[in-house]
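[1] Give me a model of this one.
(one chain, ligands or ions: 1)
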Amino acid sequence: MTTRIDGKDVAASVIETVKAGAAALKSSSNVVPGIAVVIVGEDPASQVYVSSKGKKAKECGFHSVQHTLAETTSEADLLALVEALNIDPAIHGILVQLPLPGHIDDGRVIQAINPAKDVDGFHVINTGKLTTGDVDSAFVPCTPAGSMLLIERARGKDLSGLNAVVIGRSNIVGKPMASLLLMANATVTVGHSRTADLPALCRNADILVAAVGRPEMVKGDWVKPGATVIDVGINRIPAPERGEGKSRLVGDVAYEECAQVAGAITPVPGGVGPMTIAMLMANTLVSAYRHAGQTPPSF
Ligand code: GUN
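    Below you'll find the model as predicted:
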């Protein structure tokens, strides 16, 4: 029997822990976790993501501010805003929504964020801490951190003796995912577009994480029987069967055929997606605890 890993369920339990942690911090230290989300330009997908982050932050009892800047905002003005947020004591988490318009250097902006408020975990200080195993003082990027919680549900915390394959080598998902799996004692391989025989590599995986952004690329015969399959992809594809101009969301994994073979698998939507936002709230709570000199709850 294949288990369908319900990300909505796990995310809801993370959010309950965040809410309780926020209430406890308020009563012990009179500190309210604060998050600032910055969006530059009018990309519709980014607007949806940013507004759902703000809503979830409010639901958790956080102080939440959104800065919406025009597409034509200069890099210098954006850097000045980041600096103001870096020193704002009411803000514990700063998130600059990516991608930024072409005239702004993403890297320069991300590296300008105070690493102690970098709840995305994209600053080199945080990536360095993650790869050296210092996760207790790092921020771990939200999507891999959430994926890891789902893997723990399926396989436990210790992955000794298991082969894990991550498809995709991005800084946001693939590389931090590989670090987390390695820390949990898995034997980790990162596959990508230049890998010689990706299906053969995947067939060896007890844990398979797909983070490539290619609709339904992973097929049923790529999956080892009983494997845990984590689908990070969120791809919108045309769905003419639903009517003219309609579309639907699919992952990087061909769900139906892979579910026949896998031991446990995440759906899209409703798998990794809800975990990403839940872990952003968790990171912001952790930041508020650290700023207050208290030990944060663990997730
Ligand atoms: N754009 C798409 N995903 C993310 C994310 O996790 N963080 C930020 N800052 N931008 C994104």
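[2] okay, now the nearest residue to residue 131 once chain neighbours are set aside: neighbour count?
    Nearest residue to residue 131, sequence neighbours excluded (Cβ to Cβ, 6 or more residues apart in numbering): residue 179, at 5.2 Å. Where C-beta positions appear, they are placed from N, C-alpha and C, glycine not excepted. The number of residues packed near residue 179 is 21, by other Cβ atoms under 10 Å.
[3] In this structure residue 205 contacts residue 151, no?
    No: with contact defined as Cβ atoms under 8 Å, residue 205 does not count as touching residue 151 (11.8 Å).
[4] What's the local residue count around the closest residue to the ligand within the stretch 1-150 of the chain?
    For the stretch 1-150 of the chain, the residue positioned closest to the ligand under Cβ to the nearest ligand atom is residue 98, at a distance of 3.7 Å. By other Cβ under 10 Å, 16 other residues sit near residue 98.
[5] show me the contacts for the residue nearest to it when sequence neighbours are not counted.
    Closest residue to residue 98 apart from its sequence neighbours, by Cβ to Cβ, 6+ apart: residue 106 at 5.9 Å. Contacts for residue 106 (Cβ atoms under 8 Å, 6 or more residues apart in numbering) come out as 98-100.
[6] and what of residue 60?
    Counting by Cβ under 8 Å, 6+ apart, residue 60 has contacts 15, 18-19, 22, 33, 281, 285.
[7] picking that back up, same list, the contacts of residue 106, but as JSON lines with pLDDT and secondary structure please.
    Below are these laid out as JSON lines (pLDDT from 0 to 100; DSSP: H, G, I helix; E, B strand; the rest coil):
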{"residue": "98", "pLDDT": "95", "secondary structure": "coil"}
{"residue": "99", "pLDDT": "94", "secondary structure": "coil"}
{"residue": "100", "pLDDT": "97", "secondary structure": "coil"}
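[8] what residue lies at the spatial centre of this protein?
    residue 143 (1.6 Å; Cα atoms, centre = their mean).
[9] Is it located within a helix, as I assumed?
    Yes: under DSSP: H, G, I helix; E, B strand; the rest coil, residue 143 falls within a helix.
[10] Hmm, it is touching residue 276, no?
    Yes: at 4.7 Å, residue 143 and residue 276 qualify as touching, with contact defined as Cβ under 8 Å.
[11] Can you tell me how far the closest residue to residue 232 other than its chain neighbours is from residue 171?
    Counting by Cβ to Cβ, 6+ apart, residue 232 lies nearest to residue 211, which is 3.8 Å off, once chain neighbours are set aside. For residue 211, the distance to residue 171 (Cβ to Cβ, to the nearest Å) stands at 11 Å.
[12] For the residue nearest to residue 131, what are phi and psi?
    For residue 179, the backbone dihedrals are phi -60, psi -40 (criterion: degrees, to the nearest 10).
[13] May I ask you to confirm that it is in contact with residue 129?
    No: using Cβ under 8 Å, residue 179 makes no contact with residue 129, being 10.0 Å away.
[14] Max pairwise distance over the contacts of residue 60: which two?
    15 and 33 (13.0 Å; Cβ to Cβ).
[15] quick one, which of those two is more surrounded?
    residue 33 (30 against 18).
[16] Skipping its backbone neighbours, what lies nearest that one in space?
    The nearest residue in space to residue 33 (Cβ to Cβ, 6+ apart) is residue 288, at 3.7 Å.
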